[in-house]
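Peer 1: here is my input, please return the structure:
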Amino acid sequence: MKTAIVTGMTGQDGPYLAKFLLEKGYKVYGLIKRYSNPNFENIKYLNIENDVELITGDITDDGSMYQIINLIKPDEFYNLAAQSFVGFSWNLNKVTTNANALGPLNILNAIHFNSPKTKFYQASTSEMFGNSKVEFQNESTPFTPRSPYGIAKLYGHWITVNFRESYNLYTCSGILFNHESPIRGKEFVTRKITDGVAKIKNKLSDKIILGNINATRDWGFAGDYVKAMWLMLQQNIADDYVISTGIKKSVKDVLDIAFNEIGINDWTPYVQINSAHKRPAELNALLGDSSKVKNNLGWEPSMKFEELIKFMVKEDLKRYENRR
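Peer 2: Got it, this is the predicted structure:
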């Protein structure tokens, strides 16, 4: 039985990846920070709360990482922990840097000295590309991040490459474009919209407050993207890959689909624009070219954008119906 440590277990990707690995027969350790009242809602949503062994630790504490990796010596380590909301990273720039830059460094040092056979996956991000000068971004596109989040993630990305090249460790990064699901945090625009639509349907609210609704992104389903993470660690040679759908959609497109799902064709009376929700340095568009992962690893996204947004709306509607 293979063993894997997955960080970020109270977020979105960690639970989806843990579920995928459990179905593959792995022993999964889920790393969580020490909370007085931890939130296991996402783990419970995927019905894996009794199958993952939760362990307490913190990637920003190098001693914690040394102890855990030395004890478990996992076959695979997936680092999905981060301060993951870009908008918060301006006001929480030090917290973001500690988690997104120094966190991966702490893990890599622990693997290097205590378990060099462990294969390591780092969650990189399309935010590292910034406002790219090319329409499609791939593994060769220059990085020009426009947020403290993207800058910190870029350090995590390059230190992962450096440990691979310096110490011959199996380390790789997945440069993931936006990926969503019904357990995405409500601060993220897709879930903010689908949750807001569900509230409007149930007469619990009459407005969704947004920032830049003209922004475009390459959106996929988180459940598809965790399979790509796993595939990266099953190869003979470690490498980095862009994971994306190759299709660009706008925030307005999300609004169109989400409101249409509850029978509203004109969403403008329900949406309020507030400049406070816009970024200090805006990133207008992202669009990925995932030809490399498709050709080398055979990965393809299975869920289309419209299907994803409808799925999220339906799940949010169920949540409010169950509260009645």
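Peer 1: got a pLDDT number for Asn202?
Peer 2: Asn202 is assigned a predicted lDDT (pLDDT) of 95.
Peer 1: ok, now Arg324?
Peer 2: Value listed for Arg324 in the pLDDT field: 67.
Peer 1: just give me the longest helix of the chain.
Peer 2: helix 148-167 (DSSP state H).
Peer 1: buried sites along it?
Peer 2: Neighbour-count burial for helix 148-167, counted by 16 or more other Cβ atoms under 10 Å, picks out 148-161, 163-164. Bear in mind the C-beta positions are built from the backbone N, C-alpha and C, glycine included.
Peer 1: residues contacting Leu21?
Peer 2: Ala4, Val6, Val28, Trp230 (Cβ atoms under 8 Å, 6 or more residues apart in numbering).
Peer 1: run the last query once more with 6 Å
Peer 2: Residues near Leu21 by Cβ atoms under 6 Å, 6 or more residues apart in numbering: Ala4, Val28.
Peer 1: following the strand or helix carrying it, which helix or strand comes up?
Peer 2: Per DSSP states H and E: Leu21 is located in helix 13-23. Once the chain leaves helix 13-23, the next helix or strand it forms, by DSSP H and E, is strand 27-32.
Peer 1: CA atoms only for the helix or strand following that next one, dumped as CSV, please.
Peer 2: In the C-terminal direction, the helix or strand that comes right after strand 27-32 (DSSP H and E) is helix 41-45. This file holds the C-alpha atoms of helix 41-45, laid out as CSV (Å, rounded to 0.1, in the frame of the first residue of the first chain):
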residue,chain,number,x,y,z
GLU,A,41,-17.3,20.4,6.1
ASN,A,42,-15.5,19.7,2.8
ILE,A,43,-14.1,16.3,4.0
LYS,A,44,-17.6,15.3,5.1
TYR,A,45,-19.1,16.5,1.8
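Peer 1: residues of helix 41-45 that come out buried?
Peer 2: The neighbour-count check on helix 41-45 (16+ other Cβ under 10 Å) flags Asn42, Ile43, Tyr45 as buried.
Peer 1: can you report how many residues lie near Asp266?
Peer 2: Using other Cβ atoms under 10 Å, Asp266 has 7 neighbouring residues.
Peer 1: ok, now the one 5 residues further on?
Peer 2: Taking other Cβ under 10 Å as the criterion, the count of residues near Val271 is 17.
Peer 1: now do the strands in the protein.
Peer 2: If DSSP state E is used as the criterion, the strands of the chain fall at 3-6, 27-32, 53-56, 76-79, 119-125, 171-176, 179-180, 208-210, 216-217, 220-221, 241-243, 249-250, 271-273.
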